[in-house]
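J.: Structure, please.
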Amino acid sequence: MNIRRACKKDTDKIIKLLGQVLEIHAELRPDIFISGTTKYTPEDLEKMYQDDKKPIYAAVDDNDELLGYVMCALKEPAHSSNIIPFKTLFIDDFCVDESARGQHVGQALFEHVKNEALRLGCYDITLNVWEGNDSAKHFYDKIGFRPRETQMEFILK
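T.: Model prediction:
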């Protein structure tokens with residue numbers, strides 16, 4: 001397995017995997033997510049491939065076939081008199097193909113992200129996980145993530 005920056009030839013597979021992620025979310029929250037859609041379009045991905053502030057890392061097999069990806073965004077909190085300035089590498093989306101799960105692809109991707117965050121001078125790595133996505137929560141717990149804050153909602157409809 002190799003980890004590299006994603007590129008145009010990965011687009012079809014990334015779109016497929018984005019669909020896998022969306023269906024998990026649509027099942028959990030049909031009031032928010034639309035089944036059969038994806039978070040990003042091929043055109044969105046094309047722009048992200050070129051953006052060093054939004055890197056997409058791809059795990060590929062020996063034939064350079066995509067096994068999984070992690071989409072990141074380099075962020076810095078807005079200036080505030082009560083927060084020390086720092087950089088965060090935010091994991092925007094993370095997916096390992098269903099057929100490659102259990103082969104440590106996610107662990108390898110995360111190790112790569114950790115190394116990149118260190119190289120970029122980041123203080124931390126953050127992500128969001130939807131309530132009810134227990135398999136994702138279990139994975140994130142296993143690799144060392146801990147809650148920073150809890151976002152709560154009160155649905156009006």
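J.: Identify the residue nearest the residue most central in space within the chain in space, chain neighbours excluded?
T.: Centroid check for the chain by CA atoms, centre = their mean gives D93 as the closest residue, at 2.3 Å. Spatial nearest neighbour of D93, chain neighbours left out: M71 (4.2 Å); criterion: CB to CB, 6 or more residues apart in numbering. C-beta coordinates here come from the backbone N, C-alpha and C atoms, glycine included.
J.: Also D61?
T.: Here the residue nearest D61, using CB to CB, 6+ apart, is L67, at 5.8 Å.
J.: hmm, back to that, ok now the host helix or strand of the residue nearest to D93, how far from the chain's centre?
T.: M71 is located in strand 66-75, with elements delineated by DSSP states H and E. Here strand 66-75 is found 5 Å from its chain centre; the criterion is CA atoms, centre = their mean, to the nearest Å.
J.: So which elements touch it?
T.: helix 11-28, strand 56-60, strand 88-96, helix 105-119 (3 or more CB pairs under 8 Å, 6 or more residues apart in numbering; DSSP states H and E).
J.: after the last one comes which helix or strand?
T.: Put plainly, it is helix 105-119. strand 124-127.
J.: is the nearest residue to F145 once chain neighbours are set aside in a bridge, and if so with what?
T.: Spatial nearest neighbour of F145, excluding adjacent residues (CB to CB, 6+ apart): L127 at 7.1 Å. When bridges are called by DSSP bridges, L127 pairs up with I91.
J.: So K8 is in contact with Y49, correct?
T.: Yes. The criterion here is CB atoms under 8 Å, and K8 meets it with Y49 at 6.5 Å.
J.: show me what contacts K87?
T.: By CB atoms under 8 Å, 6 or more residues apart in numbering, the contact set of K87 is L74, K75, E76, L120, G121, C122, Y123.
J.: do you know how far it is from W130?
T.: The gap separating K87 from W130 is 25 Å, by CB to CB, to the nearest Å.
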